[in-house]
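1. Build me a model:
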Amino acid sequence: MTRYFAAAILAAAVCVIAIVAPARAQNQRFQIASGDLGQALDAYIHQSGRQLIYRVDDVRGVRSPGVQGEMSADDALAALLSGTGFSSRTDSSGALAIVRDYRPLGDERPLTEIVVTATAGGHGIERQKASFSTTTLSSDDIHRLAPLNTAGLLQGIPGVTVASTGGEQGNNIFVRGFPSSGDAPYVTFQLAGSAVFDPPTVAWFGNADVIRIDEMIGHVETVRGGPAQVLSNGQVGLTVNILPRTGTDVFHGVGEIGITDYGKRRFDGQVSGPIGDNTFFSIGGFYQNGDNVRRLNFASEVGGQLSANILHKFDQGSILVWGRILQEDNTWNLPIPIEVNDGTVKEFPGFNIHTGAIGSPQERELTLRSGDAFRFDHKGVGPTSEMAASISIMS
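-> Residues are numbered from 1 along each chain as shown. I've put the predicted structure just below:
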């Protein structure tokens, strides 16, 4: 009796497999646009009728290429996850889970993230094979760091120490292993692979002084040491490559308004989308007007930045044309007067070390030794006018 019962169960199981397998193999029509991976997975669940398990925090900020056309649910899911660093797995309960790809030891499949800066022959190498230190900061990482200025952006880079108390200008960046008394003599900033300024040799002027952070930054790649100074216009200490946010086949826009308790107002915005077959645009920047965090009691931080780019993708490679205009006046928050008595540091009488400023409304307009008039609110320390443009070809 038991033998017949087991045979009946086996026959029923075979019948279920025979019925379900063809159903899974049937083609369906999928229309899922490229964009946020979490939204793409939700659309897939709705269109396929299948259930997926994934962590919302894991897929946040990851982009999916989307999927269009008639195909099986398995093929559609594989296309949806292509290039995202995620894949589907069946867990112990039989549920279909979306998990990160982890490469086991000895597996030579390419990683989803490669180092593309300053390598011989222009070829990228896998991060784990690089003999020098590399770091990547995504747009989400930058928002979490919330740097006070561009120099502060590097506080997330191992081996780099930043003194960013000067405001937008005149900050110190120290790279481990390279002795320096200040400024940023061993640091080069690049925009889409093009150096912003020659290696700094002028006191109180580093590459970070002519770069501003806004919503046009897609991500940041850094190389500490290595061959950057030999095979590119980078520096022996640290090369920082800022990659712009480019357009996709989905229109996207973001806007931010910031208001401080010391009277500065700032607007950030970015818009991107398609303008033709395989051609995309992105434009954005910021404008600010108001007082400094140390309260000079007049509009000492005035100006903004505008960036734009056009990306065209070919079957093999792409071309990026971009331009940028920066015009901003800033104040320098240093030095700060203090008293030192027997090795003890004290506040200078009448000067608040946390909020005090050496500038004031009485110093808005000065007469220089040359006899020229100078106004802090018309021409501060920052770059008054800078234009940059470049064409990048990627194979």
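
2. Pull out the buried residues from stretch 281-293.
-> 281-288, 290-293 (16 or more other CB atoms under 10 Å). C-betas here are computed from N, CA, C, even on glycine.

3. hey, C-alpha coordinates of that stretch in CSV?
-> This file holds the C-alpha atoms of stretch 281-293, laid out as CSV (Å, rounded to 0.1, in the frame of the first residue of the first chain):
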residue,chain,number,x,y,z
PHE,A,281,21.9,65.7,-22.5
SER,A,282,22.4,66.8,-19.0
ILE,A,283,22.5,70.3,-17.6
GLY,A,284,22.6,71.7,-14.1
GLY,A,285,24.4,73.8,-11.5
PHE,A,286,23.8,76.1,-8.6
TYR,A,287,23.5,79.8,-7.6
GLN,A,288,24.0,81.1,-4.1
ASN,A,289,23.9,84.5,-2.4
GLY,A,290,24.4,85.5,1.2
ASP,A,291,26.6,85.7,4.2
ASN,A,292,29.4,83.3,5.3
VAL,A,293,29.1,80.8,8.1
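
4. burial of residue 57, as a residue count?
-> 8 (other CB atoms under 10 Å).

5. quick one: it from residue 38, how far?
-> 10 Å (CB to CB, to the nearest Å).

6. swap in residue 190?
-> For residue 190 relative to residue 38 (CB to CB), the value is 32 Å.

7. the more surrounded of these two?
-> Using other CB under 10 Å, the more surrounded residue of residue 190 and residue 38 is residue 190, with 24 against 19.

8. for the stretch 201-350 of the chain, what spans make up the helices?
-> 228-231 (DSSP state H, counting those that start in this stretch).

9. nearest residue to residue 288 other than its sequence neighbours?
-> Excluding the flanking residues, the one nearest residue 288 by CB to CB, 6 or more residues apart in numbering is residue 266, at 3.9 Å.

10. May I have the helix or strand harbouring residue 78 as CSV, with CA atoms only?
-> Residue 78 belongs to helix 73-81 when assigned by DSSP states H and E. Coordinates of each C-alpha in helix 73-81 appear next as CSV, following Å, rounded to 0.1, in the frame of the first residue of the first chain:
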residue,chain,number,x,y,z
ALA,A,73,10.3,35.8,-17.6
ASP,A,74,13.7,34.4,-16.8
ASP,A,75,15.3,36.2,-19.8
ALA,A,76,13.6,39.4,-18.9
LEU,A,77,14.9,39.3,-15.3
ALA,A,78,18.4,38.5,-16.5
ALA,A,79,18.3,41.5,-18.9
LEU,A,80,16.9,43.7,-16.1
LEU,A,81,19.8,42.9,-13.8
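
11. now for it, which elements pack on it?
-> Helices and strands touching helix 73-81, by 3 or more CB pairs under 8 Å, 6 or more residues apart in numbering; DSSP states H and E, are strand 27-32, helix 37-48, strand 67-72, strand 86-90.

12. In terms of secondary structure, what does the last one contact?
-> It stands for strand 86-90. When contacts are defined as 3+ CB pairs under 8 Å, 6+ apart, strand 86-90 sits against helix 73-81, strand 96-100.

13. can I get these in JSON lines with distance to residue 49 and mean pLDDT?
-> As requested, the helices and strands packed on strand 86-90 are exported to JSON lines (distance: least, CB to CB, whole Å; pLDDT from 0 to 100):
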{"stretch": "helix 73-81", "distance to residue 49": "8", "mean pLDDT": "90"}
{"stretch": "strand 96-100", "distance to residue 49": "12", "mean pLDDT": "84"}
